[in-house]
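> Model the structure of this input:
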Amino acid sequence: MTSPRRIGASEMIINPDGSIFHLHLLPEQLTDRIILVGDPARVDMVASFFDTKTFEVSSREFHTIGGTYKGKPIMCISHGIGPDNIDIVLNELDALANIDFATREVKPHHRTLTLVRIGTSGALQPELIVGTPVIAAHSIGFDGVLNYYAGRNSVSDLDYEKAFCEYVGWNPLWAAPYVVPADKELVEQIGRDDMVRGHTISAVGFYGPQGRELRLPLANPDLNSRIEAFRYKGEPVTNYEMESAPLQGLALLMGHRAMTVCSIIANRVSTQATPNYKTAVRDLIATVLDRI
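This is a model prediction of the structure:
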């Protein structure tokens, strides 16, 4: 009989109070349903819908409020900006669920988490008007995070990756992109028929990596126009954001259910944007909480 794997102290750092290193959450605080947002202040917006609030923890950009919504235990946590933060958040949430903090051993029975990220995004197709909710049914990771994990190819659409790289003339200096799906059942549960199913890019930055040019010229200035024209099995790339691919890819490898839905706040084709997007985001939060 194989003994459980034990995680070393340097690999999983536990704080003196028994909480996980970055998130500062205790195993007993974890809920099976988790809302993820980028902005720490948006956690308060989500929690304003809760019936009860049982705890609140803040550490760096990671702000968490746990409670109940219509009788369901739930928590909302902010991950900050970028795919590197998703690597921290997913690994630490999974550790809270599936590693015994007393023995540091992997638990024999797997606990599955349901994770829905609610974010904002820029559209790459002209028909996606401001306020449209777009689900990252497929997410294209420009960040490279998943490439550091074994099993990456087993959860990725390799044909999609090949077709995409060939069409856009992918720069070999960049991380190899990966394409991962959201959890299909979760997409139907949350999206129903009132949200667009999209092909979403997770960029590694906001400016140059998304084709924005301020003072610095771009290495590949025509990349966005090539992406806009690309089709895979007749479907276009719909939007840019920065976290859906590592969230969905890591969740697949870890055995969790995950998806991202974003409210469109800018259209990169028409160059239109609105800073007044909070009402649309608030409505999206209410819908997700009712359906999760």
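> And the pLDDT at residue 49?
The model reports residue 49 with a pLDDT of 98.
> Report pLDDT for residue 276.
On the pLDDT scale, residue 276 is placed at 67.
> typed the wrong thing, it's residue 281
The model reports residue 281 with a pLDDT of 90.
> residues contacting it?
Neighbouring residues of residue 281 by Cβ atoms under 8 Å, 6 or more residues apart in numbering: 42, 45, 118, 120, 263. C-beta coordinates here come from the backbone N, C-alpha and C atoms, glycine included.
> and the fourth one, what does it touch?
Under the criterion of Cβ under 8 Å, 6+ apart, the neighbours of residue 120 are 38, 241, 262, 263, 264, 265, 277, 281.
> out of everything not next to it in sequence, what's closest to it?
Nearest residue to residue 120 in three dimensions, chain neighbours excluded: residue 265, at 4.7 Å (Cβ to Cβ, 6 or more residues apart in numbering).
> Tell me the secondary structure at the one you found.
The three-state label given to residue 265 by DSSP: H, G, I helix; E, B strand; the rest coil is strand.
> shift numbering so it begins at 474
In the new count, where the first residue is 474, that last one comes out as residue 738.
> Neighbours of it, how many?
By the criterion of other Cβ atoms under 10 Å, residue 738 has 22 neighbours.
> next one: residue 731
Quick note: residue 731 (other Cβ under 10 Å) scores 27 neighbours.
> Distance of it relative to residue 641?
With distances taken as Cβ to Cβ, to the nearest Å, residue 731 is found 26 Å from residue 641.
> go on, residue 724?
For residue 724, the distance to residue 641 - Cβ to Cβ - is 26 Å.
> and these two? which has more neighbours close in?
Comparing residue 724 with residue 641 by other Cβ under 10 Å, the one with more neighbours is residue 724, at 26 against 19.
> Helix, strand, or coil at that one?
Taking three-state DSSP as the rule, one finds residue 724 in the helix state.
> likewise residue 538?
What three-state DSSP gives for residue 538 is strand.
> again with the one 3 residues further on
Here residue 541 is recorded as strand under three-state DSSP.
> if we can go back for a sec, among the contacts of residue 754, who's most crowded?
In those, the most neighbours by other Cβ under 10 Å go to residue 591, 24 neighbours.
> what about the strands in this structure?
Secondary structure of the chain by DSSP state E: the strands cover 506-510, 525-532, 535-542, 545-551, 587-596, 606-614, 651-654, 669-675, 704-705, 708-709, 712-714, 730-740, 745-746.
> so how far is the first residue of stretch 482-490 from its last?
15 Å (Cα to Cα, to the nearest Å).
> Any chance you could list what contacts that stretch?
Residues outside stretch 482-490 that contact it (Cβ under 8 Å, 6+ apart): 493, 494, 497, 499, 568, 572, 574, 577.
> Please name the residues that touch residue 507.
Contact partners of residue 507, counting by Cβ under 8 Å, 6+ apart, are 547, 548, 549, 550, 566, 586, 587, 588, 589.
> which secondary structure elements does the helix or strand bottoming out on mean pLDDT in the chain contact?
Lowest on mean pLDDT, DSSP states H and E among the helices and strands of the chain sits strand 745-746, with a mean of 72. Counting contacts by 3 or more Cβ pairs under 8 Å, 6 or more residues apart in numbering; DSSP states H and E, strand 745-746 is packed against strand 730-740.
> quick one: buried residues of the strand it packs on?
Within strand 730-740, the residues scored as buried using 16 or more other Cβ atoms under 10 Å are 730, 731, 732, 733, 734, 735, 736, 737, 738, 739, 740.
> which residues sit in contact with the second one?
Read that as residue 731. Per Cβ under 8 Å, 6+ apart, neighbours of residue 731: 587, 588, 589, 590, 655, 656, 659, 720, 721, 723, 724, 725.
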